[in-house]
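**Student:** sequence first, then the predicted structure, then my questions.
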Amino acid sequence: MSEREEKWEPVEGIVTPAARAVVDEDEGGLVVTMMFSEIVDGLTSNLHINFGRVPAFTVYEEFAHPWLPETPPPKLTGEWARFSFPLLQIRDSEWMISLTKQLSPYPVLIHYRLITLDQIVDVLGKPPKVTWVNRET
């Protein structure tokens, strides 16, 4: 069985790629802000994803990600159709399978993959709180 990337749509309005991700981790957990407002002619808001405490996350430059899907990931539409949809869930995750022993204390985890123009962020966690936030001026 090979892993599959599926579109994850926790909010409406994702119509462009994200320029980059701002990843912050502290004692409260992991927060990723997807910077949509930095795309020319893109959205005016950014997506704030609060994962809380997670057992694992990684950040890769987009060209150095170790897992290449067998099938192309879901794409955006319209003028952005050549770009991957920026929020994905990974089914039958090779990364999660490789960590089975270490993850046994966490019975229910989801593998999220966040794709930007420059980075790919993978997170193993529970469903996060997701909200649009106005860009900082």
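**Tutor:** Arrived safely, thanks for sending. Numbers count the residues shown, from 1 in each chain.
**Student:** show me what counts as buried in the helix-or-strand element of the chain with minimal mean pLDDT.
**Tutor:** Within the chain, confidence by mean pLDDT, DSSP states H and E is lowest for helix 94-98 among all helices and strands, at a mean of 88. Going by neighbour count (16 or more other Cβ atoms under 10 Å), the buried part of helix 94-98 is 95, 96. Any C-beta I mention is one placed from the backbone N, CA and C, and that applies to glycine too.
**Student:** what's the first helix or strand after it?
**Tutor:** Downstream of helix 94-98, the next assigned helix or strand under DSSP states H and E is strand 110-115.
**Student:** which residues sit against that next one?
**Tutor:** If you take Cβ atoms under 8 Å, 6 or more residues apart in numbering as the criterion, strand 110-115 is touched by 5, 8, 17-18, 21, 32, 34, 49, 51, 62, 73, 84-90, 93, 95-96, 120-128.
**Student:** quick check on these: which are buried?
**Tutor:** 5, 8, 17-18, 21, 32, 34, 49, 51, 73, 84-90, 93, 95-96, 120-125, 128.
**Student:** which ones among those residues map onto helices?
**Tutor:** Residues of the buried ones among the contacts of strand 110-115 located in helices (DSSP state H): 95, 96.
**Student:** any idea how far residue 12 lies from residue 113?
**Tutor:** Distance from residue 12 to residue 113, counting by Cβ to Cβ, to the nearest Å: 20 Å.
**Student:** same question for residue 106.
**Tutor:** Where residue 113 is concerned, residue 106 sits at a distance of 18 Å (Cβ to Cβ).
**Student:** who's more crowded, these two?
**Tutor:** Taking other Cβ atoms under 10 Å, residue 106 and residue 113 do not tie; residue 113 has more neighbours (25 against 15).
**Student:** alright, I will stop here.
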